[in-house]
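requesting a structural model of the entry that follows:
(2 chains)
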Amino acid sequence: MKTLNILSAFILTFCVGFIAFTQDRVLLSKAKVHIGNGKVINQGYVGIQGEEIILVENALTYNLDKSKWDTIIDLKGQELYPGFFAPNSNIGLTEVDAVRATRDFREIGTYNPHVRSLIAFNAESEISTTVKTNGVLYAQVTPQGGVISGSSSIMKLEAWNWEDAAVKTDDGIHLHWPSTTKGGGWWAEPSTRKSNENYSNQLKDLREFFEAALAYSKANDKFDARFEAMREVFTGEKRLYIHANQLRALLDIIDFKRELKINYPVIVGGYDAYKVADQLKDAEIPIIIKGGHTLPENEDDPVDLPYRLPALLQNAGVLYCIQNSGRMETMNTRNIPFLAGTAMAYGLTEEEAISAVTLNTAKILGVDKFTGSIEVGKKATLFVSTGNALDMRTNNLTLGMIHGKFISLTNLQTDLYHKYKEKYEAE
Amino acid sequence: MKTALFLTFLFSLISTLTLGQIPTPNNGVKKSEASAYVLRNAKIIVGPDQIIKKGSLVVQEGKIKAVGRQVKFPNGAIIIDMEGRTIVPSFIESYSSIGLPKAESKQWSPRPQMESSKAGAYYWNEAIHPEVQAAQHFEIDKKGAELLQKMGFGVAVTHINDGIARGSGAIVALGVLDHSEAVLKSNGGAFFSFHKGVSKQSYPSSQMGAIALLRQLFHDAQYYADNKDSNPENLSLNALNEQLKHPLVFAVDDKLEVFRANKIGEEFNLDFIILGGGNEFEQIEQFKDWKNPMILPMNFPSAYDVNDPYVALQIPLGDLKEWELAPSNPYLLKKNNVTFALTSKGHNKAEDFWKHFHKMLENGLSREDALAALTTIPAEIFNISDQAGTLEEGKIASFSVFDKDPFEVKNAVMEESWSLGKKHILKEKADIDIRGKYRFSLPETSYVIDIKGTPEQPTGEVITYKTMIDSTTNPVKKTIDTIKVKAGIKVDFRDAVFHFDVDDDNYKGVLTLHGNFSPKIDAFLGQGQTPDGIWIKWAGVQLSRYKKKEDELSKHAIKVDTSSIGKVWFPNMAYGFDSLPKKQHYILRNATLWTNEKEGIIKEGTVILKDGKIEFVGTGNYSIPHDAIEIDCKGMHITTGIIDEHSHIAISKGVNESGQAVTAEVSIEDVVRNDDINIYRQLSGGVTTSQLLHGSANPIGGRSAIIKLKWGYSPDQMLIPDSPKFIKFALGENVKQSNWGDYQTIRFPQTRMGVEQVFYDAFIRAEEYKKRWNEFTQLSPKQAERKNIKAPAVDLELEAVWEIKNGERFISCHSYVQSEINMLMKVADSMGFTVNTFTHILEGYKLADKMAKHGAGGSTFSDWWAYKMEVKDAIPYNANLMQEQGVVVAINSDDAEMGRRLNQEAAKSIKYGGMSEEDAWKMVTLNPAKLMHLDDRLGSLKKGKDADIVIWTSNPLSIEARVSKTFVDGELLYDESKSVDHYLRIQQEKARIISKMLASNKAGEAKKPFIKKKEKHWHCDTIGDSID
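The predicted structure follows:
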């Protein structure tokens, strides 16, 4: 209780003028530290200077010199986590689903590798303020639609503008693999689906596009906006995120990687991945799986398959992480901690579940060199919860930090809450 | 004198010939016709109960004159030898639209059409047109008739296949007939369906809307009949009231719709003859005491193309099982004593019909039953037994002639179809059978030819010889080379033409031979032309006869086998039961009990389930029921089942009736669907009761269904008996159609201002309506008669609105922003009713005090927001703030996915606002039970309440909680420990049927590409479904 009081006072001060504050050396003391790589320190010290973590030690064995720290925050009994990631997200690209004017995540056209999500990112998104307060601090902001929907970028959710927010610009191209079934209707009234007899032709078109882009990438005297955006896919500087779910598509992607020499393919979706986990592991293709809060695709599937998929891939040794695309995805970004938690209920250990939304994601997105875990030299993007952050009951942030900056733990919703609570209390 | 006598005689003869016919002028001299036919030496299937192995049939004046082993042949009759043939009475098609025009669709418009656009004094809804009469539109359709005749039909009941009340059918004879003779009966029954057809009127937009419309229609018809004098003329109701005396056929698409249609029939005392969907066997238990005859389709589903295993693995088990069992549908219904006619509906090719016909026999239906279902039963249904159905004397001479008995062998070929005594040749028979081995003798040489194939299309092979001379040797060496060549053969009446290539010592080129065949001596005689163009004489003598393969008959025999077919599961799909689970007694020990009662949470407690009820809860002494199954729940938690106040699972064909602003007449209870996999999935998340709400497309929506998630049971068995009545209201963006596109700007209301007025209007109308009724019911029948006051018209919509005002029906109102919530409470206060529940109620926190004062509960989402403008101010602290002000608060799903983890959603109340765990748990159990007025039987662990019990692996609010077991009414319906068994059982069953399907693919049977039915996930704002 005492700690908490100190802490809220501290946050209030901090909120007033945190710019100057960030240059100081801050020590987060004695929280249970979940490193993100599977390890845990029951009572740890995490020291921060500027944007970076400069110290991670076991409080029981480390000899602390308190004088070296400007601020020491006692977090005993609380739990400290690396900031969670929301990969394949449209946060910042939309505010109100039903209002077309606020939707900026789907451009028209089929092959749009040159379209970039980055510049449409709203750094002041109201939705984003409710996401940070649950511990989700980074997002891979991703365009949707078409065969190639465009380039995503990895953004921190506390920033002045999109340039400031971007931690990795144009990290990858998003390719929507042809479906082996077709049809669809809309979400509420899906029509029947049948085998897509054009699957092979669509695959051929796709290959042609990639072959042309590959050929282009070897020349330097021409300019084509689409192929230019593709260039770095072949050098390995950009990842190729391939959205696919069905068994046949997954197997075809393995061939595609080999034949077109794609350096960093990543599968997004991967509903059937557990059926070909060995092949995907051998091909070194990681998977960003749809989080568990979805229904099974087929009525014959085990009812808990979406819940169990993380554990199935974990046991098979495939590198994977968790995302939450789908219906109501933007506002539900704040529930990513509980997607990891549900995976824990269905077979993952607690630390494996944490990795699935932190270091694993950072590795897959290619930002693990500077973030994704609580390790010295990495950016100080982390949060502290009074209890297990993967459980709704105890996900209760007392502190959050993005690249060394403390974040506000209030938002429009907490404001309204307090406003009306006070109204009733006054009556 | 003599002349006069003769003329009298002649006149009387003519009059007998034309007896019963209306004199019709004739252009020229009367058409010459044979006076009678005798078909002799045939196997005659007189009817289902009588077969004459060898007998004669006498046809005169379009009727059967006599039938029997020995009958008198009339003078001047044409005698036809039918040796080896089988004569079958013409089948009667019950459901056809032959000879009738297609209903024409008006041009599509994106704008809604609120009112009827039809001219004339007709019913207000365009899908209701009982005045349409098939007989007025009937035209002879030779092509269509021939298709039906090839399937064995000679009589059809035809109607214009469009709309909900479709009009009356005509009973027609098929074939090349005159209009004057073809229509046997103009009033061939009235037809109904749930499809609105080409009507573009917005209402009804859902199946429950179609059901409500029919019920209202039958009320209207009754009222109209009783008050004919005081009402304006209505041609539709005139026609309907006349029709109700005739057979009433109701066409549906699915087993569940059979019961929906039947329920309407029972309510209005109408005996609907229901044309089923072909999958009735899946609900066979409910057909035990079926009263009315049915009509069953035979267009059994064809196999999927399963050659690609990637495709095969996606086919749901339910589809596979339906494919396997559908041909048994008639047999299984017969076994349950259901009387039915069969229809060829859905067949575009006669051969497909016969394949299905034989498949049906092989799956167990007896020949007598099959024949009756195609002849005598439809004749009885449509009251034409005196005319058609059997080949008894006096009935119409409509029958089919087969070369073999089609009830015994699958390769029987129909040769002729007779209709009203007129013969139609359907399959040209060759007049001669020239098959055999011959020597053809030509002037210079001869050839041996072997003729095989069929009599109509023979094939031939000729052996020719050529002398090869090798002049390099001495003496010159001669060898004879034998060459086999194919001969082209064409049979033309009694002649045959052969041509084949020759290259021998005599001819080089094509040899053409034309010969006349003499069947008596099996020989040819004729002329031919050599390759050089020279005409020659030739003769052919048979060397040996053509031998039929012995096994041919047995190969085509119909073999009945019902043993290799899988069982029907309940429901007939993945996770279905072999048989329904039995109510058993259970004793659950050593668990942490979340009682939701004053006892709170009990550690190491025991729960006993007996006879579907909770028998004991707690610690201490208890008596163990006999045969109780004991489950050790150490480390586990036991709660009562989760109750979802707002769900849209398990609903057929439309969750919204969006065609009008007020649709209080429709009810979800009419369209509950028991084969939605989401029922099982919700059980796996601990849900045992759901309120299936109408959607939120209109201010006053439809009535709710409150169901237990009794997986495996029928829709009626899922409904909670005597459950409180509920109705959906809605406010805001959905009812003003804000997000439906720019064309939906016609229906009132389009603003929140208008919404208020819709409510006032409905309640004021309901008051007036009830006043009229009260005035009437206060009178004794005598007084009413004296004052000539008749019962007012029944208005189903206002009945329900009145029930609300009278406290007999509760409101669950979809609501978001505080202004409109406040408005509805003010409307309610001034009109004297209470809003029972505000559902969604995302801004409830802004006026929770007013809600508490009004007495409204709140059923909300834990944390949804930002999906539309009106949820911008939604906050996850809503549940806490409302609860703190004394509102009874529940957390609901409105979503099949979220519905199966409502425990997690409840736990969010702890995070957002600090609710206690016990209170949080009540948000998804006791509180929704209270809101639904079911807390006397549900919602807590208390002796006497329903045994809806969930065993959890840990604290149910914890993220780590999984459901171990779910009981509904004391039956174990979900068991996590059985999930591996389930998986294996499903895989085995799929593999078994797919291998059968593969065999069917290989055998070249009809197949179709895989089509995956996407599951329908309804939400509040889901509009429409395909009921066109």
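
sort out which residues of stretch B:972-988 are buried, please.
Of the residues in stretch B:972-988, B:Leu972, B:Leu973, B:Tyr974, B:Asp975, B:Glu976, B:Ser979, B:His982, B:Tyr983, B:Arg985, B:Ile986 count as buried by neighbour count, 16 or more other Cβ atoms under 10 Å in any protein chain shown. Glycine gets a C-beta too; all of them are placed from N, C-alpha and C.

just the residues you listed: which are in strands?
Among the buried residues of stretch B:972-988, DSSP state E puts B:Leu972, B:Leu973, B:Tyr974, B:Asp975 in strands.

tell me which element B:Lys118 falls in.
Using DSSP states H and E, B:Lys118 is not contained in any helix or strand.

ok, now the one 5 residues further on?
Taking DSSP H and E as the definition, one finds B:Tyr123 inside no helix or strand.

pretty sure it is touching B:Leu217, no?
Yes. B:Tyr123 sits in contact with B:Leu217 when judged by Cβ atoms under 8 Å, with a separation of 7.3 Å.

mutual contacts of these two, please.
Listed as contacting both B:Tyr123 and B:Leu217 by Cβ atoms under 8 Å, 6 or more residues apart in numbering or on different chains are B:Ala165.

quick one: classify A:Thr169 as helix, strand or coil.
Under DSSP: H, G, I helix; E, B strand; the rest coil, the three-state class of A:Thr169 is strand.

what pLDDT is listed against it?
For A:Thr169, the pLDDT comes out at 97.

and the stretch 251-400 of chain A, which residues reach chain B?
Applying Cβ under 8 Å from any Cβ of the partner chain, one finds that the stretch 251-400 of chain A approaches chain B through A:293-296, A:298-300, A:302-304, A:328, A:330-331, A:334-335, A:338, A:341-342, A:344-346, A:388, A:390-396.

for the lengthiest strand in chain B, list every residue counted as buried.
The longest strand of chain B (DSSP E) is strand B:477-492. By 16+ other Cβ under 10 Å, the buried positions in strand B:477-492 come out as B:Val485, B:Ala487, B:Ile489, B:Val491.

how about those in TSV, adding distance to chain A and pLDDT?
Shown next, in TSV, are the buried residues of strand B:477-492 (distance: Cβ to the nearest Cβ, whole Å; pLDDT from 0 to 100):
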residue	distance to chain A	pLDDT
B:Val485	43	89
B:Ala487	43	91
B:Ile489	42	92
B:Val491	43	88
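
for the chain, give me the ranges with low pLDDT.
In the absence of a named chain, this looks at chain A. Scanning chain A for pLDDT under 70 picks out the ranges A:1-23, A:183-193.

chain B was what I was after
Scanning chain B for pLDDT under 70 picks out B:1-21, B:548-553, B:1012-1028.

still on that earlier bit, C-terminal to the longest strand of chain B, what's the next element?
Immediately after strand B:477-492, counting by DSSP H and E, sits strand B:495-503.

separation between B:Leu683 and chain A?
9 Å (Cβ to the nearest Cβ, to the nearest Å).

assign the residue nearest in space to the middle of chain A to helix, strand or coil.
What sits nearest the mean C-alpha location of chain A, by Cα atoms, centre = their mean, is A:Ala86, with 2.3 Å. Assigned with three-state DSSP, A:Ala86 falls in the strand class.

which strand or helix spans the residue nearest to it when sequence neighbours are not counted?
What sits nearest to A:Ala86 in space, not counting adjacent residues and going by Cβ to Cβ, 6 or more residues apart in numbering or on different chains, is A:Ala139, at 4.2 Å. Per DSSP H and E: A:Ala139 is located in strand A:136-141.

returning to that earlier point: each with direction, which strands does the longest strand of chain B pair with?
Strands that pair with strand B:477-492, judged by DSSP bridges, come out as strand B:458-470 (antiparallel), strand B:495-503 (antiparallel).

buried deepest among the ones you listed, which one?
Here the criterion is mean neighbour count by mean count of other Cβ atoms under 10 Å in any protein chain shown, and of the strands paired with strand B:477-492 the winner is strand B:495-503, at a mean of 19.

show residues contacting that strand.
By Cβ under 8 Å, 6+ apart, the residues outside strand B:495-503 that reach it are B:432, B:434, B:440, B:447, B:449, B:458, B:460, B:462, B:464, B:466, B:483, B:485-490, B:508-517, B:524, B:526, B:531.

what of stretch A:296-304?
Applying Cβ under 8 Å, 6+ apart, the contact partners of stretch A:296-304 are A:245, A:271, A:305-306, A:308, A:346, B:314, B:316-318, B:573-575, B:677, B:680-681, B:684, B:900, B:962, B:979, B:982-983, B:986, B:990, B:1015.

chain center to it: distance?
The chain centre lies 26 Å from the centre of stretch A:296-304; the measure is Cα atoms, centre = their mean, to the nearest Å.

mind listing the helices for the stretch 101-250 of chain B?
Secondary structure of the stretch 101-250 of chain B (DSSP state H, counting those that start in this stretch): helices located at B:142-150, B:179-182, B:207-226, B:235-243.

any idea of the angle the third one forms with helix B:235-243?
Pointing back at helix B:207-226 there. Interaxial angle, helix B:207-226 versus helix B:235-243 (axes from the mean of the first three to the mean of the last three Cα atoms, to 10 degrees): 80 degrees.

do helix B:207-226 and chain A meet?
No. Applying Cβ under 8 Å from any Cβ, one finds helix B:207-226 separated from chain A by no less than 13.8 Å.

kindly list the longest helix within chain A.
Assignment by DSSP state H gives helix A:199-217 as the longest helix of chain A.

in it, what's buried?
A:Tyr199, A:Leu203, A:Leu206, A:Phe209, A:Phe210, A:Ala213, A:Leu214, A:Tyr216, A:Ser217.

same check on stretch B:54-64?
B:Gly55, B:Ser56, B:Leu57, B:Val58, B:Val59, B:Gln60, B:Glu61, B:Gly62, B:Lys63, B:Ile64.

now do the contacts for the fifth one.
Right, B:Val59. B:Val59 makes contact with B:Ala36, B:Tyr37, B:Val38, B:Leu39, B:Lys65, B:Ala397, B:Trp418, B:Gly421 under the criterion Cβ under 8 Å, 6+ apart.
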